[in-house]
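[1] What follows is a predicted protein model with its sequence.
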Amino acid sequence: MMATPQYFELPANLTARKFIAKLSKKIDLQIANQQYSIKTFYDSFDWRLYNANKICEFNHSQHISQLSLIDKNSGQLLASEEIEQVPRFSLQFPDGLFRKNITPELEMRALLPLCQLPFESYRLNILNKDQKTVLRLQFDEYESLNNRVQLIPLKGYEKAQLKVANILQNTLKIQTSSCSVLNEALNLQGRKPKDYSSKLAIKLKPDMRADKASKQIYKHLLQAMQVNEAGTIADIDTEFLHDFRVAVRRTRAGLSQIKNTLPANVVANYAEFFAWLGQITSSTRDLDVYLLSYQHYKATLPLSLRADIEPLYEFLKLKQVHAQKELCEKLKSPKYNKQLVAWEQYLNESVPKKGKAGHANQNIKELADSRIWKVYQRVLKEGGAITEKSPAEALHDLRKTCKKLRYLMEFFQSLYPQEEIKSSIKALKGFQTVLGDFQDYEIQELSIKHFSEEMMQQNIPSNTLLAMGVLVQYLDTMKCNARNHFAEQFDLFVQTGNKSTFKQLFNKKA
Amino acid sequence: MTIIATYNIKGGVGKTSTAVNLAFLAAKNNYKTLVWDLDPQGASSYYFRVKPKVKGGSKDLIAGTRELDGLIKATDFENLDLLPADFSFRNLDLVLDERKKPTQRLKKLLAPLTKEYDIIFLDCPPNISLLSEAVFEASELLLSPIIPTTLSLRTLEQLKKYLKDNKLKHLQLLPFFSMADRRKKMHREIIETLANKHPDILQSIIPYASDIERMGWERMPLNAYINKSRSVEAYQSLWQEIKNVIA
């Protein structure tokens, strides 16, 4: 088993020159190279690599540009790639270990630069009496941070690492440190890791007034929209728009489901605005989904038809570019900006001493209990009424009710015991999957049919239409599979354990 | 993963410098590479400045008491490791002979390394022996340097006959000219006639050159101390041909 690298943070006044002079008195070493470099850290907007304990850093100098992926806990190098420019998406990386190591986490997200640090890099070789390198030592001299040393072990020469580590710790009195300066580099910018997550984490107190608590929820959602707005307009990756839309949808669900906490005229005004936002963003999102699914669509076709589907990609891409352009115009429009600023101002105003809306003065826990319980009952009623002969609309309505329930549970999760609420959300999420699949396959089937009609006007090859026909057949089969799984998944959701947890959490009195 | 043996029945034909220089180029091309120095003289270990010493010697090694991975040493070059020689390797034939299925032994020992390395070079001692039979079983490519002399021509034919007689169909023989001295008329003539007679001989010709001889002084692969020379280009061209075969 190969030893792992060791990291040390040097005292403020210990420069490279002084360090090398001190160390060379103790051990035979050679400076292999010295160069000015710039270190840039990369991750997705939502910290997917960091969340998976991976740190991605790009060290760029005049002679070499190296992208490294490091295990945050062990400091072990997981993969490295010599490249001039960092590709934006994992699939744009050359086939190899690096790509393999980032694709599962990044998925469709772009790799974005987080922060930069200039430094002077020294590579030292520690030599044995045959002048063979037995350990590598990397000294990074920073302008704005304490200098760092990394011991890079070489296979079969683990004793050399122990010896040098011992000199550093016991003779030169240098302390070990974390494997990366990422946290410190972010700190210089006033940032910290994981400062964005698409997951809701709203901290409410049970005795908060309902109008104040609901404003806090909307503020959180507004912030999510604001941080995703620039990335949506710049079309950096599809998740900016996705998260933006989720925040819009959650706001709409809040306005309709956290009933009578804000004045009716405010709710009516903003419900209309957020419905408009939902509508102007839907076309781009739908096309994003088709483009993201394209490789999967292609893989479902017989080998002989796979190349024939390619005109569909071009068609979708063109439509997406057009839809994105229209979306950008709307997100830069006075209507959007004026309403959003007004909403923010309204949310920042303190609540009146006595709220006018019916439930404004109620405590939030009571309101949360009653709303979640009511919507849960509705899910049971609507789900229980669905038979094999029920129309697709019945499943779609149930899907919408489930979504409302899910959002309510997520808004108010801080009011309930963590484990129980999480397991209830998980059970609901599982059930939602079958409803979501049914809806998605139906919409996609209809859209592909619709696209084929449009494409026919453009004289596309007949084999492309044939391939699209096979795709429609596949989507229809998947839709039917989801429909057939409905009863089983519903039974699983309403099973006694879940039912009693819901009752215990939201309706203790009953 | 590809296992390449550098082998010739005859000694002193440039097997070790071939293994060391090609391994260096493979590693530089991002292939995770291992050289296994099977020659008790330990010349490739010497070129990489690694002590020719293996814990437990040939007995433990062949018995599989120690995993090969634990005996491997990093060289001074990225992506390039070495499994060093040991003086006890002079008895490898005897040690192998004590095992059941001796000719399958190296293949079995190398199996766990297939995940870690893209290419393994086996730097073999000369002679046809039990060890070379085990090397033939384990390898996919048999890279055989031939000096353009009549004697070398004979050994190439002997080797071909041996491979044919022993039905080693999985093994692709890749002969190439090594230590070729263009100033010598005989070398030039043999290269010309042999290339016609044996079209399987690779196109690249490694010259007899003082910069290759300097490897023993520098104790590193040629391309690590010389950027550009006729010899460097010859090894690069040979590597390219091998890369094409692997691909």
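    Sure thing, it's come through. Residues are numbered from 1 along each chain as shown, chains lettered A, B, ... in the order given.

[2] report the longest strand in chain B, please.
    Once chain B is assigned using DSSP state E, the strand that runs over the most residues is strand B:172-180.

[3] how about that strand: buried residues?
    When neighbours are counted by 16 or more other C-beta atoms under 10 Å in any protein chain shown, the buried residues of strand B:172-180 are found to be B:Leu173, B:Leu174, B:Pro175, B:Phe176, B:Phe177, B:Ser178, B:Met179, B:Ala180. Where you see a C-beta, it was placed from the backbone N, CA and C, and this is true even at glycine.

[4] average model confidence for the next helix or strand after that strand?
    Proceeding N to C from strand B:172-180, the next assigned helix or strand is helix B:185-197, under DSSP states H and E. Across helix B:185-197, the average pLDDT comes to 87.

[5] and if you look at stretch A:370-390?
    When pLDDT is averaged along stretch A:370-390, the result is 95.

[6] go on, stretch B:56-64?
    89.

[7] Wondering if it reaches chain A at all.
    No: among the residues of stretch B:56-64, none lie within reach of chain A under C-beta under 8 Å from any C-beta of the partner chain; the closest is 14.6 Å away.

[8] Could you show which parts of chain B are in contact with chain A?
    Listed as neighbours of chain A in chain B under the rule C-beta under 8 Å from any C-beta: B:Asn30, B:Phe48, B:Arg49, B:Val50, B:Lys51, B:Leu71, B:Ile72, B:Lys73, B:Ala74, B:Asp76, B:Asp81, B:Arg219.

[9] mind redoing it with 6 Å?
    Taking C-beta under 6 Å from any C-beta of the partner chain as the criterion, the neighbours of chain A within chain B are B:Arg49, B:Ile72, B:Lys73, B:Ala74, B:Asp76, B:Asp81.

[10] Out of those residues, grab the one that's most surrounded.
    Neighbour counts for the residues of chain B next to chain A peak at B:Asp81, which has 26 neighbours (criterion: other C-beta atoms under 10 Å in any protein chain shown).

[11] So what touches the strand or helix carrying A:Lys403?
    Using DSSP H and E, A:Lys403 maps to helix A:392-411. Outside helix A:392-411, the residues within contact range by C-beta atoms under 6 Å, 6 or more residues apart in numbering or on different chains are A:200, A:217, A:250, A:253, A:257, A:371-372, A:375-376, A:378-379, A:382-383, A:386, A:425, A:428, A:432, A:435, A:438-439.

[12] For B:Gly12, grab the count of nearby residues.
    A count of nearby residues for B:Gly12, using other C-beta under 10 Å, gives 11.

[13] Look up how far chain A lies from B:Asp93.
    For B:Asp93, the distance to chain A under the criterion C-beta to the nearest C-beta, to the nearest Å works out to 26 Å.

[14] Secondary structure element holding that residue?
    Here B:Asp93, judged by DSSP H and E, is contained in helix B:92-97.

[15] Can you dump the C-alpha atoms of the very next helix or strand once past that helix in CSV for me?
    From helix B:92-97 onward toward the C-terminus, using DSSP H and E, the following helix or strand is helix B:105-110. These are the backbone C-alpha positions of helix B:105-110, laid out as CSV (Å, rounded to 0.1, in the frame of the first residue of the first chain):
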residue,chain,number,x,y,z
ARG,B,105,4.1,-19.0,-12.9
LEU,B,106,5.1,-15.5,-14.1
LYS,B,107,1.7,-15.0,-15.8
LYS,B,108,0.0,-15.8,-12.5
LEU,B,109,2.3,-13.5,-10.5
LEU,B,110,1.7,-10.6,-12.9
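
[16] who does the helix or strand following helix B:105-110 touch, helix- and strand-wise?
    Following the chain from helix B:105-110 toward its C-terminal end, the next helix or strand by DSSP H and E is strand B:119-123. In terms of contacts (3 or more C-beta pairs under 6 Å, 6 or more residues apart in numbering or on different chains; DSSP states H and E), strand B:119-123 is packed against strand B:2-6, helix B:15-28, strand B:33-37.

[17] Just the buried positions in stretch B:184-196, please.
    Quick answer for stretch B:184-196 (16+ other C-beta under 10 Å): B:His187, B:Ile190, B:Ile191, B:Leu194.

[18] Brilliant, that's me finished.
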